[in-house]
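Undergrad: got a predicted model here, sequence first, then my questions.
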Amino acid sequence: MTRDSKIFLIAAVAVLLAGLLAPHVLKNPFYFFAGYVILQYVVIATGWNILGGYAGYINFGAAGFFGAGAYASAFLFNTFGIPLLGGLVAACLIGALLGVLMGYLTLRIQGVYFAIATLGLVIILETIIHNIPALGGARGIVVYGPPPPAWAAGPSQYMFFLMLLIAVASVSLARWMQISWVGRGLRAVRASENAAECSGVPTLRLKLLACAASGAVLAAAGAPYPFYTSFVEPVTVFSLLIGLNAIAMPLIGGTRTWLGPVIGALLMASTQQIATITISSELNILFVGIVLIAFVALAPNGILGLVARRSRETPR
Amino acid sequence: MSSPVLSMHGVEKSFGLFRALGPVDLELMPQERLGIIGPNGAGKTTLINCITGVLKPDNGSVKFEGIDITVQPSFKRARLGISRTFQIPQPFRGMSVTENLLVPLDYLHGTANKRRRAAEVLESVGLSARAAHPSEDLSQLELRKLELARALVGNPKVLIADEAMAGLSEAEIDEVLAILMKLNQQGVAVIMIEHIMHAVMRFSQRIVCFEMGQLIASGTAEEVTRDPKVQKVYFGEQAHH
């Protein structure tokens, strides 16, 4: 194991321990309620970046995967009594399958055409959910999850820790992909698909792998959502805000490494949570749009790109 | 007599109504140095795109060491041992020079010590000093060398150098030629596509000339330059009167 990997492992364990001990320090459950949303966006941004950042395929359909994950866990719990952890695994599998399907149908097209095709995925899934009575149609479905385990201080604290686990797992996966043969292959694809293929990279297979991993992580972000809000409806889980944030956060943080989406999500989601409480939740989307335009115009490689310009180093 | 490492029979490629190539029959012997010349639009790059799998021929077959690879994807051909450089260098931007070489090492063979192998190849092309630099910082010569290093690192049996010397000075051309010659001496068959005539003439054991997608001449440098069809292509109708 390299020195960087050891540091990463220690940091991941420290973050999990901090998350476990936090309820003993912070007594107000609202911090955990808001923290859940921030972590949810860390997972979404990380999942999006596997395909959008490493391989350079801009996916506008993040909300489709998120919604599929949310509905999968809600349906499995309400219909078969499958607990959240089972629903989470199922959501990952569905997300991966959906990713491969989307990839197989759309990866032969590039650039703006690929982006439009992925946007279509959200509309298709939302329309399907609207028309399935077993999934509540447009009204949505109520999910009365079980009480949190005895060791948890409360439902918000439990959901927060669960999302922290998912975030650490997602970031670890994204980091492994970045520094391994997978990430090098994807970055080669992003730079020049022909040159990558002529260097032995099975580009289509690798992009499908990225679609599957990205889809699984995005769906994992959605799986706990019905248990967090006790309710899931198409308008919310297939919302434009999720898709927009999924793109904006990695772009703001920097798309070339695993750290960029984490920084972007922590900054943007925290600011949005503060704006929701202090100003207006409706102003969120305006805020995201303005910050995104500013970064695209002034710092197209994100915050880490600005830092790297000085140090010429990338995080490992 | 040994059998050809690469052979093409009746290879044709059209783009819409425009026939860019063929039908072409061409063979490459092991460790041969083959030069391909011809004016712009003659079908040279289409030919190598058909060899490397970037394009699929409409008709005909491509064989590598007797195996039919006509419909195989590029990455499988690369794994068999067909390697190429690009007319316009296509470095993997956002990656260091060493990382550019790790990509083929990751995917071509199970090389035990990838970084050591990458360092060896960078040394052989004179890029060691730039190993840790981002590929976007390289000069034109260094980019050409990086293209060559990336093509060599997986120990290919055939290397196709597509205008690997375009835009270089005379001294730089000599440097690239020396690298290609050394590689050829190590057993690699080299196809050189080049507009710099003195370089391709010096390097090649055999030269073929293309015009309008057709192979119009084949032979030694001397034979090809004396061929009236080649003279007509390069110097016009009056050249051979």
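TA: Okay, I see it.

Undergrad: how about B:Ile37: what's its closest non-neighbour residue?
TA: Nearest residue to B:Ile37, sequence neighbours excluded (Cβ to Cβ, 6 or more residues apart in numbering or on different chains): B:Cys209, at 5.1 Å. (C-beta placed from N, C-alpha, C; glycine too.)

Undergrad: that neighbour sits in which helix or strand?
TA: Counting by DSSP states H and E, the element that carries B:Cys209 is strand B:206-211.

Undergrad: pairing partners for the next helix or strand after that strand, with directions?
TA: Following strand B:206-211 in sequence order, the next helix or strand is strand B:214-219 (DSSP H and E). Applying DSSP bridges, strand B:214-219 is found paired with strand B:206-211 (antiparallel).

Undergrad: so A:Met40 sits against A:Ala221, correct?
TA: Just so we're on the same page, residue A:40 is Gln rather than Met. Yes: counting by Cβ atoms under 8 Å, A:Ala221 is a contact partner of A:Gln40 at 5.4 Å.

Undergrad: the two: who's more crowded?
TA: Using other Cβ atoms under 10 Å in any protein chain shown as the criterion, A:Gln40 and A:Ala221 rank with A:Ala221 on top: 31 against 25.

Undergrad: and that one, how far is that from A:Gly56?
TA: According to Cβ to Cβ, to the nearest Å, A:Ala221 stands 22 Å off from A:Gly56.

Undergrad: which outside residues touch stretch A:168-181?
TA: Residues from elsewhere that reach stretch A:168-181 (Cβ atoms under 8 Å, 6 or more residues apart in numbering or on different chains): A:8, A:12, A:15-16, A:42-43, A:46-47, A:49-50, A:54, A:182-183, A:186, A:210, A:213, A:217, A:220-221, A:257-258, A:261-262, A:316, B:106-107.

Undergrad: next, the contact list for the most centrally placed residue in chain B, please.
TA: Per Cα atoms, centre = their mean, the C-alpha nearest to the average position across chain B is that of B:Ile160, at 1.7 Å. Applying Cβ under 8 Å, 6+ apart to B:Ile160 gives the contacts B:Ile48, B:Ile51, B:Thr52, B:Ile82, B:Ser83, B:Arg84, B:Thr85, B:Val190, B:Ile191, B:Ile193.

Undergrad: how about it, phi and psi?
TA: phi -110, psi 110 (degrees, to the nearest 10).

Undergrad: what residues sit buried inside stretch A:86-101?
TA: Applying a neighbour-count criterion of 16 or more other Cβ atoms under 10 Å in any protein chain shown, one finds A:Gly87, A:Leu88, A:Val89, A:Ala90, A:Ala91, A:Cys92, A:Ile94, A:Gly95, A:Ala96, A:Leu98, A:Gly99, A:Val100 buried in stretch A:86-101.

Undergrad: with stretch B:98-117 instead?
TA: In stretch B:98-117, counting by 16+ other Cβ under 10 Å, buried: B:98-109, B:111, B:114, B:117.

Undergrad: wait, does it contact chain A?
TA: Yes: remark: stretch B:98-117 sits within contact range of chain A at B:Glu99, B:Leu102, B:Val103, B:Pro104, B:Asp106, B:Tyr107, B:Leu108, by Cβ under 8 Å from any Cβ of the partner chain.

Undergrad: need the contact partners of that stretch.
TA: Contacts to stretch B:98-117, defined as Cβ under 8 Å, 6+ apart, come from residues A:181, A:184-185, A:188, A:196, A:199-202, B:75, B:78-79, B:91-92, B:95, B:118-119, B:121-122, B:131-132, B:135, B:146, B:149-150, B:153-155.

Undergrad: cutoff 6 Å now
TA: A:181, A:184, A:188, A:199-201, B:79, B:91-92, B:118, B:131, B:135, B:149-150, B:153-154 (Cβ atoms under 6 Å, 6 or more residues apart in numbering or on different chains).

Undergrad: pull out the buried members of the residues you listed.
TA: Of the contacts of stretch B:98-117, these count as buried by 16+ other Cβ under 10 Å: A:181, A:184, A:188, A:199-201, B:79, B:91-92, B:118, B:131, B:135, B:149-150, B:153-154.
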